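Trainee: here's a sequence, model it:
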Amino acid sequence: MFSVNSPRVFLILLDKLIYGLKQAPRAWFNRFATFITGIDFTPTCSDSSLFVLRRGHDVAYLLLYVDDMVLTGSSTAPLQRIVDRLHAEFAVKDLGQLRFFLGIDVKRTANGFYLSQQRYAEDILECAGMANCKSAPTVDAKGKLSAYGPKIDDAKHYSSLAGALQYLTVTRPALAFAVQQACLHMHDPREPHQTLLKWILIYVRGTSSLGFCLRASAELSITAYSDADWAGCPDTRRSTSGFCVFLGDALVSWSSKRQPTVSRSSAEAKYRAVAAAAAECIWLRQLLGELHCGIGKATVTYGDNVSAVYMSANPVHHKRTKHIELDIHFVHERVQLGDLRVLHVPTGEQYADIMTKGLPTSTFKVFRSSLCVVLVAP
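Mentor: Numbers count the residues shown, from 1 in each chain. Coordinates of the predicted model:
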């Protein structure tokens, strides 16, 4: 029980009580989704936070993240009507053209969009006490990190920095592998892991001004590169899968992740990586279809292992491959349907290599630029 003398104080306490509940985010999303579907928007099956409106030749897209939203469309007049409806229903503020969203600076260029997290990177360095440290030309992630070693003093600080760096990979795909290695040991970090974390921060210190370019492309096609580092984990002997997915000339999706099971051969590890890339490409094709930008031709996935390429075309269950889970063989089904083509690419042109292992400085820089990471807005 409590007493409140002022109605204003009561409203403030009531506001904190309601919006502090665990159910508040879901209640807000349901409230917004009910309204937005009432004005002819349709939620996409691929992403429940993405809404699409289509009236004749006019198309509008609305992306919601908690209480921040991005609205775009094919013409100005329908967008203004949507903004007016939002103003009438919610206390929203129109910030004009997209310049800043979720800690990412957005700059429109002649070639597309330039995304940067320089301010965010500098905040991480300040938090780590390394704002004035020396820089390094590449991330020193060539060694295989073991789960053993002397414990560090402040595991909570390590976890905080590793989690912050994970969000930095939104515009810095070249950091994905090193940050993934650091995040694998967040539950029990040791001194080798802290050393890797410091090397990542030292690299970020010298490259905080790097940004990510979403290039416009005349041709709408999906191309993927997949790779795996066989038995890379020294403790579990699991492999690390990595893939990069391009929409036209723009990198739109990437991943560096340790595989859930041990692979008995490099072909099996790489075939699992192809399956992960194929799943991402299928989702992206579905999303583009819901955005009324369907792709008619097959998606091309490149891998540098000939055996994995052959398995995607003809998954013969001989003694070396019969143990592979059946769900992985959906790659073959997609190849037969004509949605996917798996082709061989030389290792020197395998961009996904940067997602699976540490690379020499020269190779690292070449692959980094191939992943649309540039110094200044083009």
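
Trainee: so who does residue 43 touch?
Mentor: Residue 43 makes contact with 33, 37, 50, 51, according to CB atoms under 8 Å, 6 or more residues apart in numbering. Every residue, glycine included, has its C-beta placed from N, CA and C.

Trainee: again, only using 7 Å
Mentor: Residues near residue 43 by CB atoms under 7 Å, 6 or more residues apart in numbering: 33, 37, 51.

Trainee: same thing with residue 344?
Mentor: By CB under 7 Å, 6+ apart, residue 344 lies in contact with 303, 304, 306, 309.

Trainee: in strands only, show me those residues.
Mentor: Residues of the contacts of residue 344 located in strands (DSSP state E): residue 303.

Trainee: of the contacts of residue 344, grab the buried ones for ChimeraX.
Mentor: Applying 16 or more other CB atoms under 10 Å to the contacts of residue 344 leaves a buried subset, and the ChimeraX line that selects it is:
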select :303,304,309
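
Trainee: in JSON lines, list the contacts of residue 344 along with distance to residue 258.
Mentor: JSON lines is the format used below for these (distance: CB to CB, whole Å):
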{"residue": "303", "distance to residue 258": "18"}
{"residue": "304", "distance to residue 258": "19"}
{"residue": "306", "distance to residue 258": "24"}
{"residue": "309", "distance to residue 258": "23"}
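
Trainee: who wins for most neighbours among the contacts of residue 43?
Mentor: Most neighbours among those, by other CB atoms under 10 Å: residue 51, with 23 neighbours.

Trainee: quick check: bridge partners of that one?
Mentor: Beta bridges link residue 51 to residue 43, residue 62 when assigned by DSSP bridges.

Trainee: so how far is residue 65 from it?
Mentor: Look at residue 51 and residue 65: by CB to CB, to the nearest Å, they are 12 Å apart.

Trainee: need the three-state assignment for the closest residue to residue 248 other than its chain neighbours.
Mentor: Distances taken as CB to CB, 6 or more residues apart in numbering place residue 217 nearest to residue 248, at 2.5 Å, with adjacent residues excluded. Classification of residue 217 using DSSP: H, G, I helix; E, B strand; the rest coil returns coil.

Trainee: and residue 217, what does it touch?
Mentor: Listed by CB under 7 Å, 6+ apart, the contact set of residue 217 reads 248, 249, 250.

Trainee: looking at those, which are in strands?
Mentor: Applying DSSP E to these, the entries found in strands are residue 250.

Trainee: out of the contacts of residue 217, who's nearest residue 96?
Mentor: Closest approach between the contacts of residue 217 and residue 96, by CB to CB: residue 250, at 23.9 Å.

Trainee: contact partners for that closest one?
Mentor: Residue 250 makes contact with 112, 214, 215, 217, 372 under the criterion CB under 7 Å, 6+ apart.

Trainee: was I right about the second one contacting residue 113?
Mentor: When you say that, I think you mean residue 214. Yes. Assessed by CB atoms under 7 Å, residue 214 is found in contact with residue 113 at 4.4 Å.

Trainee: of the two, which one has the most company?
Mentor: Higher neighbour count among residue 214 and residue 113: residue 214, with 20 against 17, using other CB under 10 Å.

Trainee: the more buried one falls within a strand, correct?
Mentor: Yes. Counting by three-state DSSP, residue 214 is located in a strand.

Trainee: list the residues that contact it.
Mentor: 112, 113, 115, 250 are the contacts of residue 214 under CB under 7 Å, 6+ apart.

Trainee: JSON lines for the residues you listed, including distance to residue 56, pLDDT and secondary structure?
Mentor: Formatted as JSON lines, the contacts of residue 214 follow (distance: CB to CB, whole Å; pLDDT from 0 to 100; DSSP: H, G, I helix; E, B strand; the rest coil):
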{"residue": "112", "distance to residue 56": "27", "pLDDT": "86", "secondary structure": "strand"}
{"residue": "113", "distance to residue 56": "27", "pLDDT": "89", "secondary structure": "strand"}
{"residue": "115", "distance to residue 56": "32", "pLDDT": "92", "secondary structure": "strand"}
{"residue": "250", "distance to residue 56": "28", "pLDDT": "90", "secondary structure": "strand"}
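
Trainee: nearest to residue 173, out of the contacts of residue 250: which one, please.
Mentor: residue 372 (7.9 Å).

Trainee: may I have stretch 270-281 as PDB, with CA atoms only?
Mentor: Extracted C-alpha coordinates of stretch 270-281, given in PDB (Å, rounded to 0.1, in the frame of the first residue of the first chain):
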ATOM      1  CA  LYS A 270      32.200 -27.900 -45.700                       C
ATOM      2  CA  TYR A 271      29.000 -29.600 -46.700                       C
ATOM      3  CA  ARG A 272      27.400 -28.400 -43.400                       C
ATOM      4  CA  ALA A 273      28.700 -24.900 -44.200                       C
ATOM      5  CA  VAL A 274      27.000 -25.100 -47.600                       C
ATOM      6  CA  ALA A 275      23.800 -26.100 -45.900                       C
ATOM      7  CA  ALA A 276      23.900 -23.200 -43.500                       C
ATOM      8  CA  ALA A 277      24.500 -20.800 -46.400                       C
ATOM      9  CA  ALA A 278      21.700 -22.400 -48.400                       C
ATOM     10  CA  ALA A 279      19.300 -22.000 -45.500                       C
ATOM     11  CA  GLU A 280      20.100 -18.300 -45.400                       C
ATOM     12  CA  CYS A 281      19.700 -17.900 -49.100                       C
END
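
Trainee: got the domain ranges for this protein?
Mentor: Domain assignment of the chain by automatic domain parsing yields the ranges 7-96, 116-207, 217-345.

Trainee: and residue 108, which of the ones you listed is closest to it?
Mentor: Distance to residue 108, taken as CB to CB, is lowest for domain 7-96 among these, at 11.6 Å.

Trainee: pLDDT on the closest one, on average?
Mentor: If you average the pLDDT over domain 7-96, you get 83.
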